[in-house]
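**Student:** the sequence isn't on hand, but the structure is:
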């Protein structure tokens with residue numbers, strides 16, 4: 001999933017803190033594979049989160065949508081955003097080498113866990 005945000009210029013650091021803390025909690029969810037935060041260097045108020053989930057059904061479920069870290073993110077960004085988050089759910093058409101994960105039924109990318117300490121290292125530059 002691609003989540004895009006346009007924020008107020010004076011709230012860049014506050015937004016980064018909210019987005020990163022939310023991502024750290026989200027990668028602890030059962031079906032979250034990874035989340036990366038990007039900032040447009042030519043327009044620093046434009047951000048994108050690229051999220052990889054093992055289950056589209058879970059991503060769209062009430063369990064995920066009502067998770068405390070997701071609700072907190074929405075509350076904390078209400079005054080920061082210039083416009084509402086823009087969401088695009090993408091289907092994978094290729095797989096990175098060595099990333100496909102299969103569950104006991106053999107369904108690729110159906111269930112996985114990520115060590116949040118390992119995943120979080122890329123978010124702190």
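**Tutor:** Ah, there it is. In this text the structure is predicted, and so the values were computed from the model without any measurement. Numbering: from 1, shown residues only.
**Student:** now the lengthiest helix in the chain: buried residues?
**Tutor:** Secondary structure of the chain read by DSSP state H shows that its longest helix is helix 12-26. Within helix 12-26, the residues that count as buried by 16 or more other C-beta atoms under 10 Å are 15, 18-19, 22-26. From N, CA and C alone the C-beta is placed, and that goes for glycine too.
**Student:** quick one: distance of that helix to the chain centre.
**Tutor:** Centroid separation for helix 12-26 versus its chain: 10 Å, with C-alpha atoms, centre = their mean, to the nearest Å.
**Student:** now the angle between helix 12-26 and the following helix or strand past that helix, please.
**Tutor:** Going down the chain from helix 12-26, the next helix or strand is strand 32-39, by DSSP states H and E. Relative orientation of strand 32-39 versus helix 12-26 (axes from the mean of the first three to the mean of the last three C-alpha atoms, to 10 degrees): 170 degrees.
**Student:** list the buried residues in strand 32-39.
**Tutor:** Buried, per 16+ other C-beta under 10 Å, within strand 32-39: 32-35, 37.
**Student:** dump those into JSON lines; add distance to residue 86 as well.
**Tutor:** Listed next are the buried residues of strand 32-39 as JSON lines, based on distance: C-beta to C-beta, whole Å:
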{"residue": "32", "distance to residue 86": "20"}
{"residue": "33", "distance to residue 86": "21"}
{"residue": "34", "distance to residue 86": "20"}
{"residue": "35", "distance to residue 86": "16"}
{"residue": "37", "distance to residue 86": "15"}
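**Student:** burial count for residue 84?
**Tutor:** 11 (other C-beta atoms under 10 Å).
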